[in-house]
Every structure is written in structure tokens, then in C-alpha cells.
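Engineer: show me the folded form of this:
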Amino acid sequence: MNDELPTILATHGALAAVDTLIEDLRAKGDFHNLFYAMLMRKRVELGVTPFPMGPSSELPAHTHEPYENAIRDAARHVGNIYLQKRDIPRAWGFYRLIGEPGPVKEALAAYVPEEGEDTYPLVDIAWHQQVLPQKGFDLILDRQGICSTITTVSGTDLSNQIELRNYCYAKLVRTLHEQLTERLQSDVASRGRTVAAGTTIFALIEANPDLFTEDTYHVDVSHLSSVVQMGVQLPAVPELELARELCEYGRRLSPQFRGDADSPFEGTYADYLVYLNVITSRDVEAGLAHFQGKIAQELEEGNTFPAEVYVNLLIRLNRLPEALAAAKLHFAQLTDDRALTCPSVMELSRQVGDFAGLAASAKATGDSVTYLAGLIAANN
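Structural biologist: Alright, predicted model coming up:
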């Protein structure tokens, strides 16, 4: 505490005393209180109480704008000091106050944690508070490993963040593929065989079938299952090829390690591989027939999911008229299609421009507004 503050206040006035306090706090590195001292200076300058007794809206109307500007300036000033010191969590407290995540986002993007540094506060800001979720994902994967990362991603609703979802899924596919490749190469080398650099997983397992003897596996089979299921949801990206190789490996595992899945993926990796082959333009017609053949029996048991998968495959192939025809065939009698994992008959009718079909579907579900809209559009 500066004992000269009362003298400075008496001889030079309140602003001089506050300026002295500001310099003292800056010199001591007490940046938290520096922020409040800067706000006190503005209140003194405006001729209002030096105490923040309530919200700024309670100050005289003519002081609102300058005081709010002072809050933003002080928050930026102190926040920037913390950024210069690589203290992102404290900096975020001030930038969050004024709703300006930009500087923290830039700092996170460039941040390289030190060895042994606790990165949880950064993960909390980047991932949980969504300031830069890709960075948060990278930090989790780098510091906590693939198991924690799969758990975190699986437990987060990314349905409305498709770009982020694809980023996470693709990187998990790449990471597990690299891990599996390295372990397969090590296993082959331990058997006294030469492994050429760049050998694919497919080539490794084709040339070394004994890799799977004695119920062997090379990566955590729960990780393999989770990552493959993420991989089949990816758009047209290079990681689809890596996911195919993961499936090629998975389908050779002992049955006890392949896991269980619902139709149409009851064959687990074999079925996922057929799906991936279709969306990567391999054996398309055979793959479609493979999934189409599973629909009828499941529909008899009330399971529409195989039909939904089939419709989604047609959509991914940009065969919308066929997708609409399949949806009409399998979903037309549904009274509630909100739970479908594929577009409804009405949505597909709208996309295709089949407004008469749209009207018919709306009539069947009792949607009078869409029914009339469809009739009007069809007439036009």
C-alpha cells in the first residue's frame, strides 16, 4: 500500500492519486486490481462516485456511453497484458466480460503448451466454452490420448456443428490409423520380416495373415469400433480411405473382438466397409443391393433404420429421385417421421420438386399447411 496516496490526494487531487495507484498496481503486477483502478479513474473523471455501487445503468444517463467505453478499454488493456504473459485463462476473463473472443481465439491458435503444463484451463476455454473448439480437441488428443478424446467427442452434441464434427472425426481416424499402422509394422518386424516404408494396412494384413492368430489385436477394439462409426459419417475427405483400411483390419479380427451392431451393420466392419465402398464409388450397385436386401425383414419387425441407411446412401450419391422413391415406399405410412435419421418424404419431395408428392405426404400426416402449399406449388 502506498502511504503517500493521502498526501497526493490532498495536494494534487483525486485523478493524480488514482494515476499513482494505477502505476503502483502495474509495477506490482496486480493486473486484476489495475482493471478496477482504471474504472475508478473514469468514474472520478466523470464526477460520479468512485465506488462501483451498482450497474453502470444507474449512473447519470450522460455518463453511460463514456463509462461503458472505459470498461471495454480497461478490459482490453488488462486482457492484453495477460496475453503477453501467456496467461490465457486470466485474459479470457476480461475479454469475455466485453464479449470479444477474437484476441483469445488468436492466442489459443498460436499457443504451444510447455512440457508438463496443465492444459485443462485451456481446454475448458477452447472446447467447453467454444472459443476455439478445434484447438481444444487437439489439446485433449495430444495430452490425454485417444481414449479421453473419443469419450469427450462422443459425449458432445455436434449435430449443429458439422464442420467441427468432421474435423474431430477425421483427425481421430487419422490418429488411430497411424497408431494401428505403427503397431502392425512393429509386429511384422518382430517376426523377422522386412516392412517397406509407406506400406498400407491392407498390404500388411494381406501379406501377413498370421497377424491375427491366437486372437491377436493391435489397438483397443472399443476405440476401433468408435472411430470407424465416426468415419462412415465423414463427407468426401481423404480420411474415408483410412477408414476403409480400419474396416479391412477390423473384419479380420476374431469374432469376439468385432463387437455387436444393429442391422444393417450387424456384420460390423464388413458392413461398414460395404458402406464406405459405396460412398467412395466402389462397387456402388452391389453395395446398394447389399443394404436394400436388409430392409424388408427389419420393416416387418418395425425397424426402419436399414431403410434410413439406404435412403441416406442414395442421397450421398446424389440420386435424389431414387431416394425419394425409396422414402415413399418405406416411410409413407409413418405418422411421425421426426425420429428418422434421413430426410422425410416431404423434405425429399421439396428437394426434388415433387410438389404433388409433397402434398400427398402432408395430407397423410395431417399437415394442412404443407398440404395446401404443395398443391399451390404443384399448380404453378
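Engineer: top helix in the protein by residue count?
Structural biologist: Secondary structure of the chain read by DSSP state H shows that its longest helix is helix 162-190.
Engineer: can you pull the buried residues of that helix?
Structural biologist: Judged by neighbour count (16 or more other Cβ atoms under 10 Å), helix 162-190 contains these buried residues: 164-177, 179-181, 184-185, 187-188. In this view, the C-beta of every residue, glycine as well, is placed from N, C-alpha and C.
Engineer: gap between residue 71 and residue 52?
Structural biologist: 10 Å (Cβ to Cβ, to the nearest Å).
Engineer: higher neighbour count, the two?
Structural biologist: Applying other Cβ atoms under 10 Å to residue 71 and residue 52 shows that residue 71 carries more neighbours, namely 17 against 12.
Engineer: please give the element, helix or strand, for that one.
Structural biologist: Following DSSP states H and E, one finds residue 71 within helix 64-84.
Engineer: list the buried residues for that helix?
Structural biologist: 67, 70, 71, 74, 75, 78, 79, 81, 82, 83.
Engineer: and what of stretch 348-363?
Structural biologist: 348, 349, 350, 354, 355, 357, 358, 359, 360, 361, 362.
Engineer: so which of those residues is the closest to residue 32?
Structural biologist: residue 350 (55.3 Å; Cβ to Cβ).
Engineer: any idea how many residues pack against the nearest residue to residue 121 once chain neighbours are set aside?
Structural biologist: Spatial nearest neighbour of residue 121, chain neighbours left out: residue 89 (4.3 Å); criterion: Cβ to Cβ, 6 or more residues apart in numbering. Around residue 89 there are 13 other residues, counting by other Cβ under 10 Å.
Engineer: so what touches the helix or strand containing residue 89?
Structural biologist: Take DSSP H and E as the rule and residue 89 turns out to sit in helix 88-97. Helix 88-97 is contacted from outside by 31-32, 35, 71, 75-76, 78-83, 101-104, 107-108, 111, 121-122, 125, 129, 131, using Cβ atoms under 8 Å, 6 or more residues apart in numbering.
Engineer: all helices of the stretch 251-380 of the chain, in order?
Structural biologist: 269-279, 284-292, 295-300, 305-316, 320-331, 345-352, 355-365, 368-379 (DSSP state H, counting those that start in this stretch).
Engineer: want to throw the buried residues of helix 64-84 into CSV with pLDDT and distance to residue 249?
Structural biologist: CSV is the format used below for these (pLDDT from 0 to 100; distance: Cβ to Cβ, whole Å):
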residue, pLDDT, distance to residue 249
67, 90, 63
70, 94, 61
71, 93, 57
74, 96, 57
75, 97, 52
78, 97, 53
79, 98, 48
81, 97, 51
82, 97, 47
83, 97, 45
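Engineer: just to revisit the earlier point, which helices and strands sit right next to the longest helix of the chain?
Structural biologist: On a contact count with 3 or more Cβ pairs under 8 Å, 6 or more residues apart in numbering; DSSP states H and E, helix 162-190 meets helix 133-154, helix 201-207, helix 221-231, helix 239-250.
Engineer: and the angle from the last one to helix 221-231?
Structural biologist: Pointing back at helix 239-250 there. 140 degrees (axes from the mean of the first three to the mean of the last three Cα atoms, to 10 degrees).
Engineer: run through the chain and note the low-pLDDT ranges.
Structural biologist: 53-54, 335 (pLDDT under 70).
Engineer: can you give the domain ranges for it?
Structural biologist: Annotated domains of the chain cover 1-110, 118-156, 157-282 [automatic domain parsing].
Engineer: all set, thanks.
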